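Engineer: Here is the input, now give the coordinates:
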Amino acid sequence: MTRLLVSLAASLALVSCHKPAPDALSYRIVSTREHDGGAYTQGLQLVNGRLFESTGQYGESTVRELEPSTGKVLRKRPLAKNVFGEGLTVMGNEMWVLTWKEKTVYVLEPDTFKPIRTHTYEGEGWGLANDGKQLIMSNGSETLKFLNPKDFTVTRSLEVKDGTQPVRMLNELEFIDGQIFANIYLTEKIARISPETGQVTGWLDLKGLRNQLANPGRAEVLNGIAHDPATGHLLVTGKYWPQMFEIKIGKK
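Structural biologist: As a prediction, this is how the structure comes out:
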């Protein structure tokens with residue numbers, strides 16, 4: 001009887017520890033739009049029908065507003081030549097733009113790109129998103145940090161895993177329907193992540209998009225996710241990509 005109970009307890013423990021496999025997500029290209037092939041895309045976000053982008057590289061980093069339907073640059077502001085621009089997010093009347101190794105986030109006015117204030121942080125800055133209340137930041141590791149938008153202090157950290165395996169190189173972020181979507185740097189994959197558990201709940205492989213580039217030129221890795229709540233579609237692009245793609249996500 002004792003052995004039976006022990007065996008039953010062990011079986012229940014194994015069941016409780018089992019994590020469901022992530023969904024294999026599919027996509028369909030809805031439309032193709034122009035994108036500045038000279039833009040080293042770091043952050044991309046659609047806000048109330050307006051498309052914002054941050055770009056990187058020392059001496060070339062900018063914040064931009066694009067025309068969503070055409071990709072045309074409507075206006076842009078250069079960042080200081082001694083900073084490497086990284087992820088961007090807009091929440092309310094403020095825009096946050098990370099820097100790579102300069103440990104500084106710039107807070108700007110979205111309508112004018114006028115500086116409001118800056119905050120400092122430890123480590124590197126990669127991707128940035130928000131859930132409507134907090135900011136969510138990646139730094140190239142498997143850890144996402146949730147931050148207070150008032151002072152950029154860390155409120156909690158989240159370890160991202162696929163099952164038991166850490167998922168590193170988390171880059172550009174987007175918060176979509178209660179889940180975090182993250183580009184995995186140096187790959188063509190996007191992970192869908194639970195903000196509560198850190199578990200990857202889905203994988204989206206976009207390696208086929210590179211073959212759709214009309215003139216790849218110096219196109220580098222996929223980077224940039226913007227969600228359109230009006231359609232549920234995503235706008236995705238990459239570093240030095242001459243096109244953006246509107247895609248519809250489904251399950252395989």
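
Engineer: quick one: low-confidence ranges for the chain?
Structural biologist: In the predicted model, the chain carries pLDDT under 70 at residues 1-18.

Engineer: partners of the most centrally placed residue in it in the sheet?
Structural biologist: For the chain, the residue nearest the mean C-alpha position is residue 173 (1.5 Å; C-alpha atoms, centre = their mean). For residue 173, the beta-bridge partners under DSSP bridges are residue 182.

Engineer: wait, doesn't it sit right on residue 225?
Structural biologist: Yes: with contact defined as C-beta atoms under 8 Å, residue 173 reaches residue 225; the gap is 7.5 Å. Every residue, glycine included, has its C-beta placed from N, CA and C.

Engineer: joint contacts of the two?
Structural biologist: 181, 183 (C-beta atoms under 8 Å, 6 or more residues apart in numbering).

Engineer: how much distance is there from stretch 64-83 to the middle of the chain?
Structural biologist: In terms of C-alpha atoms, centre = their mean, to the nearest Å, the centre of stretch 64-83 is set 18 Å apart from its chain centre.

Engineer: in that stretch, what counts as buried?
Structural biologist: 64, 65, 66, 68, 71, 76, 77, 79, 83 (16 or more other C-beta atoms under 10 Å).

Engineer: so which two of those residues are the farthest from each other?
Structural biologist: 68 and 83 (26.7 Å; C-beta to C-beta).

Engineer: just the helices in the chain please.
Structural biologist: Secondary structure of the chain by DSSP state H: the helices cover 2-17.

Engineer: So what touches the strand of greatest length in it?
Structural biologist: Longest strand of the chain, by residue count under DSSP state E: strand 23-34. For strand 23-34, the surrounding residues in contact (C-beta under 8 Å, 6+ apart) are 68-72, 192, 201-206, 209, 212, 233, 235, 242-252.

Engineer: Mind checking which of the residues you listed are buried?
Structural biologist: Looks like the contacts of strand 23-34 have 68, 71, 192, 201-204, 206, 209, 233, 235, 242-247, 249 buried, using 16+ other C-beta under 10 Å.

Engineer: So residue 113 sits against residue 75, correct?
Structural biologist: Yes: contact criterion C-beta under 8 Å: residue 113 and residue 75 qualify, at 7.4 Å.

Engineer: give me the number of residues near the nearest residue to residue 132 once chain neighbours are set aside?
Structural biologist: Nearest non-adjacent residue to residue 132, counting by C-beta to C-beta, 6 or more residues apart in numbering: residue 91, 7.0 Å away. Look at residue 91: counted by other C-beta atoms under 10 Å, it has 19 neighbours.

Engineer: Check whether residue 91 really touches residue 149, as I assumed.
Structural biologist: Yes: under the criterion of C-beta under 8 Å, residue 91 makes contact with residue 149 at 6.3 Å.

Engineer: shared neighbours of these two, anything?
Structural biologist: 130, 135.

Engineer: For residue 185, see how far away the residue nearest to residue 80 when sequence neighbours are not counted is.
Structural biologist: Once flanking residues are discounted, residue 80 sits nearest to residue 61: 8.0 Å by C-beta to C-beta, 6+ apart. Using C-beta to C-beta, to the nearest Å, we find residue 61 at a distance of 17 Å from residue 185.
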